[in-house]
Every structure is written in C-alpha cells, then in structure tokens.
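Trainee: A structural model of the following input is requested.
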Amino acid sequence: MLTKRIQPMASQAKRLYVELMFQVMGRALQAVSEVDSVVQTEAKALPEGFLFEMMVMPDGSKLIVEHMGEGRFHYHGDTAPRPVDVSIKFKHLTHAFLVLSFQEKTSVAFAHDRMLVDGDVSYAVRMTRVLNRLESFILPKIIAKRAVKEYPVDLHLPEKLTSAARIYLKVATHFVQSARA
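Mentor: Residues are numbered from 1 along each chain as shown. Model (predicted):
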C-alpha cells in the first residue's frame, strides 16, 4: 500500500529534477561557450543557426540551444524557434534521471539503447563532447569521472576552479535575468 503512494511521488521528483537539470545545463552550455576555448573550437564546426535539443520522450522536459556563430551557444529554454537540427532523446524519464544524476555515463546510456539520436550523428557526437567538457568543469572530479567517458587529462585544478566559478556566475546571472523577465 505504501509503495503505491511513494512511486508517484518518486516519479514526480525525478521529473522535477530532470527539468531543473535541463534548465541548468542549457544555461551552462551558453556560459561555457563564452568561457572555454576548447568548447568554442568544437562549436565552430557546427553551422551557424544549428539547433540542438535534448529531451525526454514523448513530451517530457527538454533543453534547446542554438549555435550563434563564433563557437557561442544561446539557450532557448524548452521552445525551439524552428525545427531542431539534432535531437538526443531519452526513451524514458528513468533513463534521463540516471544520466543527469551522474549515475550513468551518456555513452553507456547510448550503448544500452536508452537514447535516440535524430539528425546528423556527427553533430550529436560533437555536442556530447561539449557536454562532457562542461560536466568536467562544473562537477567535482570524482563525480565528473563517473559522468563523462574520459576526464580531460589536461584540466588542472586552477583552470577548473576559475572556469567553474565563471560558468556558475553566468548561470546564476541568467537565472536572475529570466526571473525578472
């Protein structure tokens, strides 16, 4: 009896967590593209106006970012101004929760067929590398190693701390600006 009451609450908590993480990740993608030259180099290979979406199927939470050129991303929230170019879709809320709570690497989730890619796979791989770089900056190393396929060997503590601080400051500023609007 108790299990029947707890399961819906757990599902709702997962849904809220995934939604919040998508908001943070979208803003952090915009911020890291302003801070890190490696991310800018990766992003420059994407066409200007490229729209990337990550979502939970069928109509769950999502994040949408656009490449504005010069390696910079712009976070659009959960509404695309036009059809997206690449979409990474989690097949179920539980799968998204595993990845976004850093219990499972994105590469492992894909290998276990928990995600779909719609669009050019090479662009999806590039965006995954950008996401991995972002996670390497903003997560403690012990957690980032669990979240990303390969932790960057050239990312040292001073660079990590200053970049993470700049990213978090930009994310917080973006949240405040969104709240005022």
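Trainee: what's whatever helix or strand residue 160 lives in packed up against?
Mentor: Assigned by DSSP states H and E, residue 160 belongs to helix 157-180. Contact here means 3 or more Cβ pairs under 8 Å, 6 or more residues apart in numbering; DSSP states H and E; on that basis helix 157-180 packs against helix 2-35, helix 121-138. Placement of C-beta: from N, CA and C, glycine included.
Trainee: among these, which gets the worst mean confidence?
Mentor: Sorting these by mean pLDDT places helix 2-35 lowest, at a mean of 88.
Trainee: packing partners of it?
Mentor: Where contact means 3+ Cβ pairs under 8 Å, 6+ apart, helix 2-35 is packed against helix 37-44, strand 51-56, strand 62-69, strand 72-77, helix 93-100, helix 121-138, helix 157-180.
Trainee: which one of those is the most hemmed in?
Mentor: Most buried of the helices and strands packed on helix 2-35, by mean neighbour count (mean count of other Cβ atoms under 10 Å): strand 51-56, with a mean of 24.
Trainee: and that strand, average pLDDT?
Mentor: Averaged across strand 51-56, the pLDDT comes to 97.
Trainee: just checking: what are the partner strands of it?
Mentor: strand 62-69 (antiparallel), strand 86-90 (parallel) (DSSP bridges).
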